[in-house]
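> got a sequence here, can you model it:
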Amino acid sequence: MAGRNRYPSDGRPCGAHVMPPHHDNMLEEELEMQHHEIGRLLGENRRLVEDRIGLQQELSGAREEFRRMNIAITEIQKENEMHSRQLIESGLKLEADIRATEPLKKEAVQLHDEVKWLNSVTRDLYGQIQTLTKDLAELQAANNQLPALRKELDELHKKLRHARDAIGYEKKGNTELLDQKHAMEKNLASMAREVETLRAELSNPDIRSWGPGMYYVISSNGPFSTPRAELEKS
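Model (predicted):
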């Protein structure tokens, strides 16, 4: 290619026919136009080369950015997967904890009921404490009166002892009187029997008086009389 289209120093092609001068001017103009066109094309070619180099650089940068983005996306995916696994594990653990807390909920309800019951018991105990405090104050007031009450009780004990002694004496006297009464009743009964006996004897014609307090009986065996006292002795 270097040997083709060679021109001599006068600007005419080798082996070409000699042209007229006006024709040379036209060729020169055409050549000049070709030179301008070639320069323009070379400039465009340079710009295209530069654009190509810039595009290649941008493409390399884009590829590098794409590679970094792929790496970042991969890392993000890994992190998301890890986070998803953690969330799944946390959800499963939370479900297990919730299932495990069901007995605790029941126990909490039971404890709540026990707390309510204890509060009720506490209120009752508080009322009892107030009542006991009032009773204690009354007992303390009564305790302050114990010396006077003890003195009065001692006096009552003394009076009771005197009364017991008097009752004992009275019982003893009543016993003696009762013995006397029984003896008198016996004597009266004996006298009544004697009176009845005397009445019976007086009503008997066989019995005669033999002096004061003496009686005799006429015996069928003879005229001798026997005093009543001797008869009773016999």
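
> which helix of the protein spans the most residues?
For the chain, the helix with the greatest residue count under DSSP state H is helix 21-144.

> specify the angle between the helix or strand following that helix and helix 21-144 in degrees.
The element immediately downstream of helix 21-144 (helix or strand, assigned by DSSP states H and E) is helix 146-202. Interaxial angle, helix 146-202 versus helix 21-144 (axes from the mean of the first three to the mean of the last three Cα atoms, to 10 degrees): 40 degrees.

> domain assignment for this structure?
Annotated domains of the chain cover 32-144, 152-216 [automatic domain parsing].

> need those in CSV (columns: distance to residue 24).
For glycine as for every other residue, the C-beta is placed from the backbone atoms N, C-alpha and C. Shown next, in CSV, are the domains of the chain (distance: least, Cβ to Cβ, whole Å):
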stretch, distance to residue 24
domain 32-144, 12
domain 152-216, 171
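
> among these, which gets the worst mean confidence?
Looking at those, the lowest mean pLDDT belongs to domain 152-216 (a mean of 73).

> now do that domain: distance to the chain's middle.
85 Å (Cα atoms, centre = their mean, to the nearest Å).

> and what of stretch 144-158?
51 Å.

> send the alpha carbons of that stretch over as CSV?
This file holds the C-alpha atoms of stretch 144-158, laid out as CSV (Å, rounded to 0.1, in the frame of the first residue of the first chain):
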residue,chain,number,x,y,z
ASN,A,144,-55.6,0.3,136.5
GLN,A,145,-58.7,-0.4,138.6
LEU,A,146,-57.3,-3.8,139.7
PRO,A,147,-55.8,-2.5,143.0
ALA,A,148,-59.3,-1.2,144.1
LEU,A,149,-60.9,-4.4,142.8
ARG,A,150,-58.4,-6.5,144.7
LYS,A,151,-59.1,-4.5,147.8
GLU,A,152,-62.8,-5.0,147.3
LEU,A,153,-62.3,-8.7,146.6
ASP,A,154,-60.3,-9.1,149.8
GLU,A,155,-63.0,-7.4,151.7
LEU,A,156,-65.6,-9.7,150.0
HIS,A,157,-63.4,-12.7,150.9
LYS,A,158,-63.3,-11.6,154.5
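
> identify each buried residue in that stretch, please.
Within stretch 144-158, no residue is scored as buried using 16 or more other Cβ atoms under 10 Å.

> next, count neighbours for residue 125.
Neighbourhood size, residue 125 [other Cβ atoms under 10 Å]: 12.

> if you could redo that for residue 27, that was the one I meant.
15.

> that one and residue 40, how far apart?
Look at residue 27 and residue 40: by Cβ to Cβ, to the nearest Å, they are 20 Å apart.

> with residue 176 instead?
Look at residue 176 and residue 40: by Cβ to Cβ, they are 179 Å apart.

> just residue 101 next, same as before
Taken as Cβ to Cβ, the span from residue 101 to residue 40 is 85 Å.

> please apply the same query to residue 47.
10 Å.

> same question for residue 28.
18 Å.

> try residue 194
Distance of residue 194 to residue 40, given as Cβ to Cβ: 199 Å.

> and for residue 24?
If you go by Cβ to Cβ, the gap between residue 24 and residue 40 works out to 24 Å.

> neighbour-wise, which of these two wins?
residue 24 (14 against 10).
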